[in-house]
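Student: Dropping a prediction and its sequence here:
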Amino acid sequence: MYEQLPALMILVPFTAAPVCVVFRHALASWVIALAASLFSLFAAWQVLEHVRTVGIIRYKVGGWAAPSGIEYYIDTLNASVLLLVSGISCIVLVYAYRSVIKQVPLAKHYLFYTAWLMCMSGLLGIVITGDAFNVFVFLEVSSLATYMLISMGSDRRALTASFRYLIMGSVGASFILIGIGFLYAATGTLNMIDISERIPNSESQRAVLVAFSFICIGVMIKAAIFPLHAWLANAYTYAPVAVTAFLAGTATKVSLYVLLRFFFSIFGYEYSFGQLLLNGVLLPAAVAGFILMSLVAVYQTDLRRMLAYSSVAQLGYIVAGISLASQAGLTAGIVHILNHALVKSALFMAVGCIIYQVGHAHRPSFDDLFKRMPFTCIAFIIAGLGLIGVPLTVGFISKFALIEASMDRGWWLIAALILVSSLMAVVYIGRVVEVMLFRQSRTSTPEVSGMSEAPLSMLAPMYLLIVIGLYFGINGDATLSLAGEAAEQLLGGF
Amino acid sequence: MEKIAGLYSYWVVVVLMMAGLYIMIARYNLVKKIIGLGLFQTSIFYLYITMGKVSGGTAPILVHGDVQPVFSNPVPHVLILTAIVVGVATSAVALALIVRIYEEFGSIEADEIAIIEAQEPEA
Amino acid sequence: MNPLWTLVPPLAVIPFILFFGEKRKNLREASIIVAGLALLLINNLIYNDLVAGGTPQSGEFAIMANYSLKLSAEPMGVIFGLLASFLWVVTTVYSIGYMRGHHEINQTRFYTCFALALAAVMGAAYADNLLTLFVAYEVITISTFPLVTHAGGEAARKAGKVYIGILMSTSIAFLLPAIIWTTVVSGSMDFVPGGVLTGAGLSNGSLAFLLALFVFGIAKSGLMPFHRWLPAAMVAPTPVSALLHAVAVVKTGVFSLLKIVTYTFGIDLVTISGAAYFLLPVAGFTIIAASIVAFTKDNLKARLAYSTIGQLAYIVLAALLATVMSVSGGVLHIVMHAFGKITLFFCAGAILVALHKSEISKLNGIGRRMPITMGCFFIGAVSIIGLPPAGGAWSKLLIAGGSLETGTIVWAMILMFSTLLNIAYLLPIPLRAFLKPDPDLKPGERATMQEAPFACLWAIMLTTITCLVLFLYPAPLTDLIGMIQWR
Amino acid sequence: METLVADVLLTFLVVIAVGIIVLRDLLAAVILLGAYSLTAAGAFVVMDAVDVAFTEAAVGSGISTILFLGALSFTKHEQKPRGNDSWVAVLFVVVTGALLIYGTLDMPYYGSATSAAQTNPDLAVRFLQQSGSEVGPPNIVTSVLASYRGYDTLGETMVVFAAGMAVLSLLGLKRRRPGLEAPEDAPGDTPGETPADALDEPPTSRHT
């Protein structure tokens, strides 16, 4: 049983999904989804413990040893991402229950939770596998479920947002498929470790290079890295807000994980960064991303859209850390994957609470928000400070690590630009906080001036996430050492 | 010359793939985009299968007896069998979305829908 | 005594404040005073330890692999800690009178944030490394934001925007990279006698740039051009202004700078590298410009705010001159200016509560109605100007002496000129109050006493007396400053 | 001989692809896409991928075409004459294609029996030589699909399930958006009056 946990982590939510359809009952499917997520969380936690104490897990799926069969390859990096995905899923699921009641028709609830389970297990499947083609398959599982979840948004623009994402996502997935095809032609294998061993001896180095570029572009589309982020803003804005909170913390992070795996484990550090592709293309894209997207976020009036652009900007930080390609830079990038997931999910949950009570997230139309929803506002402020990178929040840990790493490499300009972009975060978060605290009710009807907080079942998970964030902000060593271990393993190749 | 003979079928397939990709990104009609996606994906399948072909080989099905003929590589076939189903599944979801979009917006042209969306108030 | 204990009273009192709330005001305020006295006692114990030759310090709390939060007591920190805890008690007593007399709203929130800010000030005072200092610095910024915007409404919104905008932006844009840079080149964040940057191999130009990042990054010290937050914060209730402008916020700024000059750079490195040359004129300019602007302000609190900017620039100047004498003068000036300026702010608040006047031009003749307040105002002004028999004389003397040590007289000239300006903008206020006729009185009518509530008055007298005592008996302070390890 | 057949089919595919690009009648384009799949299936047979050919014919040209036709029956049949000249798109496609062609330059030639893929002892060689004894069925593709890479097939099943649920969620239930916002009259019931059609007012844009 214990040895089978890696497989069960995926299979339990997979099996739970059809069960939800069988029951066709809102509450029942929520309970099933939550139970399955909790199980995955437990399994991910056990796996992480095992990886950190005993060592890397290589699990033969279906009994065939790699490279003939498909295997799971779990080291510190993907064990942490597994924990992140299943953890965020659990927390946001609790939150989702009430939120979804307002945003999705009751008859569709069981489908909603089915899709949620599919999405989560698809993401877990991408992360856990050690087989290149398998990544593609599970990418599609999670993508289809994501398109479905986004299309359930109550605004009709959710449909077009979902469609746009589908087009971009399919192009990305097709690019990855092409890349894997070229890799197979060049190496004759699909297992990641096997590929990495065979690449240096391959007679088809051009094919390897093209495979590298296509996988890189394909994954960058899925990860919404600037300038391939066009799908993200509308998708995050019009999806049911619980879905946005879930995706913001998991989907793009998983894609970044895939990027890391391909760059460092499969192609290898020397290959990836010897081709001038990364330093020449990726770093400018990252920097342009976090500067421009922070600027765009400043001018957004819809909170969800603002946070969506902010996400693209924050992904830029992560990519910048990766592009440093040093132990310190990689550590900073990985730790920001975890930290930003915590912060951004919490922020979207706070916005969801506002939407739940106020009915919209349009900043200029708020009034008396702090008086009406003090707990939500406080949560938003704390998480916002985390986004800015104030000390004792997670944002500070990762920003500090990132700036230190870039200064260490002597990349002063990057460090300076990161700071400029942080200042923009002060502005866009500050604008919201200002409205929350100071915008008086213009209609001045005394009866609405009372407190009307979101339900406890939404506040509690949000605060749980905030507390986790604060904990890792104060005890940053916990995440940093994890990320450091992962970075070390990545730089060492397989 | 030998190179051209050995590789041109790849090149043609690349052109086909790009035709599909072009339709996906250049055409405003949503259905046409999905047709382009189908074209793109089918061409990728073709690329894979091309890679598996061995001259003078046969379909990878074992025959009775001790001596087996030369087989083409079965691995791309396996992968593409999965990919075909995945591709059609994606198309199905996309088409369902298009039907819903048509119901809501009365159009299946991306530019027209964008204009309608721009006129709506912020969510 | 572990300096960590200093965080306990201000944090432990918060639940009590929230629990007692508006309904049991007396208990709420009594609990704060008890906490304040406890804090004062703890600081005193730390002081005793230090004087006895001990090195009171806390354990390390690692928030990142190589970087931890740690508190430890050294002379500068003990002075600042004692000062802040003493003035917390006094300000609390004063605010009891002020807030009730002025019928302020949301007093519970006010006292909560006040306590939180105090805890952060303690953290800054005893910070053992740059990281701890930075954390405390940011917590002060955030926890005082609700104090600045206490009144609510449009004016508070604008002021709050400027306040948080400048303080947070500069700290992120300049202070944070300066800290990380220091860490990258020296491998350490600790405050070490003689400075960690000595021998780190930075060129003079880099050192100058790094120092500039620190000086401008610590916008709490009010150096131009990042001083705008200080007058903006004027919309806050007067006890807040007193706290912000005399103790917590601004003093954290200059205190941090003094510590960084002494323990990160080392005063020798600053002198030898010439890093401060191009920053000294900025401080000099701020001293003069702020004094001139103060002269043009009719609003009493605004005039005091600009006066503060000028006085803080003295300390910045003292830090940048980086001689033993000037830095000692800077440390001493933290205390002297604190008592002088808090007296003046208390007086301004008392006038507001008693007579509802805030413009200087309207203060004619009020000396008859508020003789004690205006008398204290006079002594506070004398201390700020730097004249005997008030404490401000000593610190100004030391800074001026230190400036002469560097071999040029230009900085001493600036100090002298600004003293003249101080006289010109401060002394007319008590003179106007005592000598000009009261326009509200009919001829022949006698003024009646209209002093502020007793709690306010008590606090004002206490700080005034301290100003005088510090002139006569500065020995404990100077002894403590003598214990600073410069190298 | 078989190369020649494959080449002829490949030429057909190019012709069909051009047709799909040029044609504005969606119905015709869908039919052409079906034909494209069918032709590709034929080529797959020539290239010894009979299982793939069968699936492509059934799923790619059969089911897929039916899905398209079904969707078209709910929407419009014609693509409007816009978005035909996108130089950015052309440039992007040309660059991408050129990169791909560059990648093929040192690939094993078509039909090579000594390529890395063909000679990998752990994958192709093992499947060809040992699947009979290790798994059983004579069809090696089946063995690999069901056994060695059975986990992919599980994923594939989940994709189909997810797609089914997505279609069900989009179309299968009562067609109504959730009730948070004010009830809106559904456009699209009367296509002649939809906002999109109003955009076509200047008749000049309808030129052919």
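Tutor: In hand now; what should we look at?
Student: Once you drop chain neighbours, what's closest to residue A:296?
Tutor: Of all residues not flanking residue A:296 in the chain, residue A:309 sits nearest, at 4.7 Å (C-beta to C-beta, 6 or more residues apart in numbering or on different chains). Heads up, the C-betas are built off the backbone N, CA and C, glycines and all.
Student: check which helix or strand covers that neighbour.
Tutor: According to DSSP states H and E, residue A:309 maps onto helix A:303-324.
Student: The next helix or strand after that helix near chain B anywhere?
Tutor: Where DSSP H and E defines the elements, the next helix or strand beyond helix A:303-324 is helix A:327-358. No. Applying C-beta under 8 Å from any C-beta of the partner chain, one finds helix A:327-358 separated from chain B by no less than 8.9 Å.
Student: Packing partners of the helix holding residue A:309?
Tutor: In terms of contacts (3 or more C-beta pairs under 8 Å, 6 or more residues apart in numbering or on different chains; DSSP states H and E), helix A:303-324 is packed against helix A:232-238, helix A:241-260, helix A:283-298, helix A:327-358, helix A:394-408, helix A:412-438.
Student: and the residue nearest to residue C:342 when sequence neighbours are not counted, how far is that from residue C:237?
Tutor: Distances taken as C-beta to C-beta, 6+ apart place residue C:246 nearest to residue C:342, at 3.8 Å, with adjacent residues excluded. Distance, residue C:246 to residue C:237, by C-beta to C-beta, to the nearest Å: 14 Å.
Student: ok, these two, which is more surrounded?
Tutor: Applying other C-beta atoms under 10 Å in any protein chain shown to residue C:246 and residue C:237 shows that residue C:246 carries more neighbours, namely 29 against 21.
Student: what's the pLDDT at the more buried one?
Tutor: With respect to pLDDT, residue C:246 scores 72.
Student: likewise residue D:84?
Tutor: For residue D:84, pLDDT reads 58.
Student: With the one 5 residues further on instead?
Tutor: Reported pLDDT at residue D:89 in the predicted model: 84.
Student: what's the answer for residue D:123, then?
Tutor: On the pLDDT scale, residue D:123 is placed at 81.
Student: For residue B:73, what are phi and psi?
Tutor: Dihedral pair for residue B:73: phi -70, psi 120, per degrees, to the nearest 10.
Student: Can you tell me the number of residues neighbouring it?
Tutor: By other C-beta under 10 Å, the residues close to residue B:73 number 31.
Student: picking that back up, which residues sit in contact with the residue nearest to residue A:296?
Tutor: Residues counted as contacts of residue A:309 (C-beta atoms under 8 Å, 6 or more residues apart in numbering or on different chains) are A:233, A:293, A:294, A:296, A:297, A:300.
Student: How is the last one assigned, secondary-structure-wise?
Tutor: Assigned with DSSP: H, G, I helix; E, B strand; the rest coil, residue A:300 falls in the coil class.
Student: how about it, phi and psi?
Tutor: phi -90, psi 140.
Student: Stretch A:136-147 close to chain D?
Tutor: Yes. Using C-beta under 8 Å from any C-beta, we find that stretch A:136-147 touches chain D at A:137, A:138, A:140, A:141, A:144, A:145, A:147.
Student: The fifth one falls within a helix, correct?
Tutor: This means residue A:144. Yes. Checked against three-state DSSP, residue A:144 lies within a helix.
Student: what helix or strand is the closest residue to it other than its chain neighbours on?
Tutor: Residue nearest to residue A:144 in three dimensions, not counting chain neighbours: residue D:162, with 4.2 Å by C-beta to C-beta, 6+ apart. Element membership of residue D:162 [criterion: DSSP H and E] is helix D:150-167.
Student: quick one: contacts of that helix?
Tutor: The set of residues external to helix D:150-167 that reach it, using C-beta under 8 Å, 6+ apart, is A:14, A:17-18, A:21, A:61-62, A:69-70, A:111, A:114-115, A:118, A:121-122, A:125, A:133-134, A:137-138, A:140-141, A:144-145, A:147-148, A:151, B:78-79, B:82, B:85-86, B:89-90, B:92-93, B:96, D:145-146.
Student: Pull out the buried residues from those.
Tutor: Listed as buried from the contacts of helix D:150-167 are A:14, A:17, A:21, A:61-62, A:69-70, A:111, A:114-115, A:118, A:121-122, A:125, A:133-134, A:137-138, A:140-141, A:144-145, A:147-148, A:151, B:78-79, B:82, B:85-86, B:89-90, B:92-93, B:96, D:145-146; burial here means 16 or more other C-beta atoms under 10 Å in any protein chain shown.
Student: still on that earlier bit, of all the residues of stretch A:136-147 next to chain D, which comes closest to chain C?
Tutor: residue A:138 (34.0 Å; C-beta to the nearest C-beta).
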